[in-house]
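Peer 1: Pasting the sequence and the predicted coordinates here, then a few questions.
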Amino acid sequence: MQNLMTPRPAVIQRIRRQTADTLTYTLRFLEPEVQQAYRFSPGQFNEVSVFGVGEAPISISSAADTPDTFEHTVRAVGNVTAALARLMEGSQVGVRGPYGHGWPMQAMAGRNLLLIAGGIGLAPLRPVILEVMRHSDRYGSLEILYGARSPADLLFVDEYDVWTAHPQIRLLLSVDRLEPNPPPAVSFPGRDKGTDKAVEELIRRATVAVHRYDGRVGPVTVLFDQMMTLPAGTVVLTCGPEIMMKFVTLELMDRGFTCDQIYVSLERRMECGVAQCGHCQIGPLYVCKDGPVFNYKDVRYLPEAVF
Amino acid sequence: MSPPAQIATAVRVADEASWGQLLRALAQTYDIWAPVAEKNRVILRCLSPDELDQVKLDAPPTLLPAKKVYRAPEETLLRFRKGEVEPLGNGQHPWALVGIHPCDLRAIQLLDRVYTGFFADERYSHRRQQNFLVVANCLQPFPHCFCTSFQSGPFARKEYDLAVTPLFGRHLVQAGSAAGEAFLRVLGLPETTGSELAELVAAQAQAEQAVTRKVNTDNLPRLLNMNVDHPVWDQIADRCLSCGACTAVCPTCYCFSVQDRLNLDLQSGERRMAWTSCLIMEFSRVALGHNPRHERVARVKQRLYHKFSYFNDQYGQFGCVGCGRCVDTCVAGIDPVEVLAQLRR
């Protein structure tokens, strides 16, 4: 019997390293008819299973109109994500989804877009960037404010040149500090054979990243004084740590943006994705079903001081 | 689940012998789950055919409510072997729930909304369609009952197959669905022409009056939303032990956790779901460590706000049926009736 929570097998076709603790997985459902029927909207997520370890909700980081594959960009921080990081190309995982409400693509049509992301929060926004590049006539300008812990922690660095070569796109970067982070707590033994070499490689990458880095130092909000996007005719999308989004929304309001033009993507523990396990509830909302993307005005006054 | 029908006015009278006959007839088609006395508690369990005389109709609320037969405290969601998911039947024999209280019946209707409202859980729906519900109306409230505040008792109003009221040594039986009606007809239990219907109406009025514990539900969600900083929350958070017993015994608490168990071959295993509780510290903690309800007061509030406010937003009704189990179970003596009354003082 197919249960609501039964995942379908998917094969990891490709793994690309983003940072010391983050990898991008290109996946394809094993059954062609499942892959063929699979459609998602930017900002939605899948529940990804490593059988024997568990399941985790992970946002989709690829373009929504790629019919043959989909991608997850995953930071190894928990049990499932660390287990994912140990898998090799060709490995099989379980996937079910997509779930939730993504970015408001209809409200974004014809508007200027301001994307403000922190850390891994850029992953669910990448589909929006790719969408603007593919269908630039449908959108106005796209300005991206992106903050990470250190230059070596910036995601999708090899794509920045392509993004910024696009006439509508502007990218501003900030990092908390220039020094790289200590080597990650989780190692990837399957991939990084010979730990010394792996650490050496990470240090080399970090050094290169610092050397190349020409952005600002400070929280992502330091980029506001360089920001060119004006409130009129703009939709703001933000995803990152809750504390970052709290200050981002405050700053935006100070600069004349209204709460109904700001959209936030929230993170909560989710064990089912289908509004039944109860974990992701904030007040009357199920983040898995009603979100993870919310209009800021709908979550501004929620309990537990989200914002 | 049979289609809802008009509340039957036809009453049938079963003496001790024909009530036993009714149970035996049910047991031919269904596994019988019923409240039975076990040690010093009453529990809901599956009875063998020779245990049918143990069914207790006037028992206090069962230790665990009916939710445990629709979703067991722990059950297997799927099995896997080398990354392949093995199909899993729902393997539930048709079963009858005999002697559940009207409040528990209402709780099942609320669970329907949770498990089939937004996304339909096939296993739950299957079990729900397989069941035959015999509700036992309550004549006397138990110490913690407050069902009348939520219109969930002491008499059942709808969505049962049979309702039975033990009155003056007889069992007054009413059919609430086509299936229930058909069952009674086959059994050959004649409709009464006596004054039993009038007796039932009187008994219902009396039973309702006997429930003296009340929650004032006027504008209750609004009252809660205006009192998020009321001192009563800190007072009960100081006493609460975060044990989660109230959520385990609650007939409408539905939260569960999912966990994989790997067999010794490290290749096969199963994914299990188990009841959990929003009162437990880890309940909402995410992988990086952020926990939106780290403080106990936030967790205590979450449970009561969900029952009396959020559930209304989500499913259009209060999430409490007034069974009183949480009050009976809480070792710290936290009583929602008392807490809600304090908000109005």
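Peer 2: Received the coordinates, thanks.

Peer 1: which residues touch the lowest-mean-pLDDT helix or strand in chain B?
Peer 2: Ranking every helix and strand in chain B by mean pLDDT, DSSP states H and E puts strand B:84-86 at the bottom, with a mean of 86. The contact list for strand B:84-86, computed with CB atoms under 8 Å, 6 or more residues apart in numbering or on different chains, reads A:Thr6, A:Pro7, A:Arg8, A:Pro9, A:Phe51, A:Gly94, B:Leu78, B:Arg79, B:Phe80. For every residue, glycine as well, the C-beta is placed using N, CA and C.

Peer 1: do stretch B:233-249 as well
Peer 2: Contacts of stretch B:233-249 (CB under 8 Å, 6+ apart): B:63-65, B:73, B:253, B:255, B:275-281, B:295-297, B:299-301, B:303, B:325-326, B:328-334, B:339.

Peer 1: let's see 7 Å
Peer 2: Stretch B:233-249 has contacts (CB atoms under 7 Å, 6 or more residues apart in numbering or on different chains) with B:63-65, B:253, B:275, B:277-281, B:296-297, B:299-301, B:303, B:325-326, B:329-332, B:334, B:339.

Peer 1: check which helix or strand covers A:Leu27.
Peer 2: strand A:22-29 (DSSP states H and E).

Peer 1: circling back to that earlier point, which of the contacts of strand B:84-86 fall within helices?
Peer 2: Of the contacts of strand B:84-86, none are assigned to helices by DSSP state H.

Peer 1: got the residue ranges for the strands in the stretch 151-300 of chain A?
Peer 2: A:169-175, A:216-217, A:234-239, A:262-265, A:281-282, A:285-286, A:293-295 (DSSP state E, counting those that start in this stretch).

Peer 1: Throw those into TSV and include mean neighbour count, mean pLDDT and distance to chain B, thanks.
Peer 2: Compiled in TSV, the strands of the stretch 151-300 of chain A are given as follows (neighbours: other CB atoms under 10 Å in any protein chain shown; pLDDT from 0 to 100; distance: least, CB to the nearest CB, whole Å):
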stretch	mean neighbour count	mean pLDDT	distance to chain B
strand A:169-175	20	97	18
strand A:216-217	15	94	23
strand A:234-239	24	98	14
strand A:262-265	25	97	14
strand A:281-282	24	94	7
strand A:285-286	22	96	8
strand A:293-295	21	97	14
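
Peer 1: Save these as TSV, and put in distance to A:Cys272 too.
Peer 2: Below are the strands of the stretch 151-300 of chain A laid out as TSV (distance: least, CB to CB, whole Å):
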stretch	distance to A:Cys272
strand A:169-175	36
strand A:216-217	40
strand A:234-239	22
strand A:262-265	19
strand A:281-282	12
strand A:285-286	10
strand A:293-295	19
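
Peer 1: Restricting to the contacts of stretch B:233-249, which residues neighbour chain A?
Peer 2: B:Cys278 (CB under 7 Å from any CB of the partner chain).

Peer 1: Check the contacts of stretch B:233-249 for burial and list the buried ones.
Peer 2: Among these, the ones that count as buried by 16 or more other CB atoms under 10 Å in any protein chain shown are B:63-65, B:253, B:275, B:277-280, B:296, B:299-301, B:303, B:325-326, B:329-330, B:334, B:339.

Peer 1: Out of those residues, name the ones that lie in helices.
Peer 2: B:Arg296, B:Arg299, B:Val300, B:Lys301, B:Arg303, B:Arg325, B:Cys326, B:Thr329, B:Val339.

Peer 1: Please identify which of the residues you listed is nearest to A:Ala63.
Peer 2: B:Arg299 (40.3 Å; CB to CB).

Peer 1: was I right about the closest one contacting B:Cys278?
Peer 2: Yes - at 6.0 Å, B:Arg299 counts as touching B:Cys278 under the criterion of CB atoms under 7 Å.

Peer 1: which stretches of the stretch 151-300 of chain B have low pLDDT?
Peer 2: Within the stretch 151-300 of chain B, no range satisfies pLDDT under 70.

Peer 1: Around chain B, pick out the residues from the stretch 101-250 of chain A.
Peer 2: A:Glu242.

Peer 1: what about 8 Å?
Peer 2: A:Pro241, A:Glu242 (CB under 8 Å from any CB of the partner chain).

Peer 1: give the contact list for the closest residue to chain B within the stretch 101-250 of chain A.
Peer 2: Of all residues in the stretch 101-250 of chain A, A:Glu242 sits closest to chain B, at 6.9 Å by CB to the nearest CB. By CB under 8 Å, 6+ apart, the residues touching A:Glu242 are A:Leu266, A:Glu267, A:Val306, A:Phe307, B:His290.

Peer 1: And the first one, what's its pLDDT?
Peer 2: If you check A:Leu266, the pLDDT there is 95.

Peer 1: Contacts only, for it.
Peer 2: Contacts of A:Leu266 (CB under 8 Å, 6+ apart): A:Glu242, A:Ile282, A:Val287, A:Gly291, A:Pro292, A:Phe294, A:Val299, A:Val306.

Peer 1: Next, B:Leu105: secondary structure please.
Peer 2: Classification of B:Leu105 using DSSP: H, G, I helix; E, B strand; the rest coil returns helix.

Peer 1: which non-adjacent residue is nearest it?
Peer 2: What sits nearest to B:Leu105 in space, not counting adjacent residues and going by CB to CB, 6 or more residues apart in numbering or on different chains, is B:Val135, at 4.9 Å.

Peer 1: contacts for the helix or strand containing A:Gly147?
Peer 2: Using DSSP H and E, A:Gly147 maps to strand A:142-148. If you take CB under 8 Å, 6+ apart as the criterion, strand A:142-148 is touched by A:112-119, A:122, A:125, A:129, A:132, A:154-155, A:163, A:166, A:168-176, A:219-220, A:223-224, A:227-229, A:240, A:244.

Peer 1: So which of the residues you listed are in helices?
Peer 2: Short answer: the contacts of strand A:142-148 in helices (DSSP H) are A:Ile129, A:Val132, A:Trp163, A:Met244.

Peer 1: So which of those residues wins on neighbours?
Peer 2: Most neighbours among these, by other CB atoms under 10 Å in any protein chain shown: A:Ile129, with 24 neighbours.

Peer 1: Surely that residue touches A:Ala117?
Peer 2: No - with contact defined as CB atoms under 8 Å, A:Ile129 does not reach A:Ala117; the gap is 10.0 Å.

Peer 1: residues near A:Thr6, how many?
Peer 2: By other CB under 10 Å, the residues close to A:Thr6 number 17.

Peer 1: Next up, phi/psi of it, please.
Peer 2: When read as degrees, to the nearest 10, the backbone of A:Thr6 gives phi -90, psi 120.

Peer 1: That one contacts A:Glu55, doesn't it?
Peer 2: No - applying CB under 8 Å, one finds A:Thr6 not in contact with A:Glu55, separated by 11.1 Å.

Peer 1: which stretches of the stretch 1-150 of chain A have low pLDDT?
Peer 2: For the stretch 1-150 of chain A, the ranges with pLDDT under 70 are A:1-2.

Peer 1: rerun that using 80 as the cut-off
Peer 2: Applying pLDDT under 80 to the stretch 1-150 of chain A flags residues A:1-3.

Peer 1: same check, this time on the stretch 1-150 of chain B
Peer 2: B:1-9, B:83, B:87-92.

Peer 1: what residues does it put near chain A?
Peer 2: B:77-78, B:80, B:83-85, B:87-90, B:114-115, B:118-123.

Peer 1: Can you say which of those residues are buried?
Peer 2: Buried among the residues of the stretch 1-150 of chain B next to chain A by 16+ other CB under 10 Å: B:77-78, B:80, B:83, B:85, B:88, B:114-115, B:118-119, B:121-123.

Peer 1: Now intersect the residues you listed with the strands, please.
Peer 2: In this view, those that belong to strands under DSSP state E are B:Leu77, B:Leu78, B:Phe80, B:Val85.
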